[in-house]
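Trainee: Everything below, folded, please.
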Amino acid sequence: MFNNIFVKPIIALFLFVLIFACSKDEDPEPAHEEEIVTLVTLEVSKVGSSETIKYNFEVEGHDHDDHEEEEEDDDHDDHDGEHTEIELEANSSYNVSMFIYNDTDPNNIENITQEIIEEKDEHQVFYAITDELSGFSIEPASDDTVDSNGNSLYIKTTWTTTGETSGDVVGYLIHEPTQKTGTTRTDFGGATDFEIDFEVHVE
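Mentor: Numbering: from 1, shown residues only. A predicted model of the protein is given here:
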């Protein structure tokens with residue numbers, strides 16, 4: 001009789017602990033909070049030159065209201081990312097840095113480039129170069145960020161030109177790629193955090 005008095009509470013306590021532990025294990029892990037990207041800037045400087053040209057790209061799906069765009073229609077430095085043309089010289093090399101922003105609040109523009117760098121294992125920048133853009137290459141810069149497996153992030157790159165040519169380039173930031181090498185966007189898998197399009201003209 002005394003054994004039953006002590007055993008039953010122990011069994012009940014054991015079951016309570018077991019159920020609590022199982023329910024805790026089954027709780028879903030918190031979802032990754034994706035960065036809000038509204039603006040991407042490429043800073044381009046010819047090797048050996050101190051001049052830097054900035055190209056701004058409004059990320060699709062994060063357009064500002066039409067009223068503001070109409071008022072600033074003549075300001076070509078302001079987020080005009082459509083049909084952007086990047087002019088380069090033949091037989092030259094350029095240092096190109098990518099900067100990523102959330103400018104949802106114009107009074108508090110957030111530079112999230114460092115967040116991407118810190119999460120380098122979960123991100124990859126990829127530039128898709130069309131076939132007609134011959135003699136043009138994009139390689140990681142010597143000071144580019146590398147992930148824990150030694151893969152370059154391509155946040156800092158070196159662009160090299162040869163003869164005159166022109167063609168389209170699409171830049172991607174890929175979230176959680178299934179692999180970090182490839183020649184097409186599909187090769188990388190994962191999700192696209194943003195996509196920017198521009199034309200390269202080499203003269």
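Trainee: Determine how far the last residue of stretch 144-155 lies from the first.
Mentor: Using CA to CA, to the nearest Å, one end of stretch 144-155 lies 6 Å from the other.
Trainee: what comes into contact with stretch 196-203?
Mentor: Identification of contacts with stretch 196-203 by CB atoms under 8 Å, 6 or more residues apart in numbering yields 40, 42, 55, 57, 59, 81, 83-90, 133, 135-136, 161-171. For glycine as for every other residue, the C-beta is placed from the backbone atoms N, C-alpha and C.
Trainee: switch the cut-off to 6 Å
Mentor: Here stretch 196-203 makes contact (CB atoms under 6 Å, 6 or more residues apart in numbering) with 40, 57, 84-88, 90, 133, 161, 164-166, 168-171.
Trainee: May I see the ChimeraX selection of the buried members of those residues?
Mentor: Selection command for ChimeraX covering only the buried members of those, criterion 16 or more other CB atoms under 10 Å:
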select :40,57,84,86,88,133,161,165,166,169,171
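Trainee: so of the contacts of stretch 196-203, which ones are in strands?
Mentor: By the criterion of DSSP state E, membership of the contacts of stretch 196-203 in strands covers 40, 57, 84-88, 165-166, 168-171.
Trainee: Tabulate these (TSV), appending distance to Glu118 and pLDDT.
Mentor: Listed next are the ones in strands among the contacts of stretch 196-203 as TSV, based on distance: CB to CB, whole Å; pLDDT from 0 to 100:
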residue	distance to Glu118	pLDDT
Val40	18	97
Phe57	22	96
Thr84	28	92
Glu85	33	96
Ile86	28	97
Glu87	33	97
Leu88	31	98
Thr165	36	96
Ser166	36	97
Asp168	31	97
Val169	26	98
Val170	25	97
Gly171	20	98
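Trainee: closest to Met98 among those residues?
Mentor: Nearest to Met98 among the ones in strands among the contacts of stretch 196-203, counting by CB to CB, is Val40 at 6.6 Å.
Trainee: What residues are bridge-paired with the closest one?
Mentor: For Val40, the beta-bridge partners are Phe57, Ile100 (DSSP bridges).
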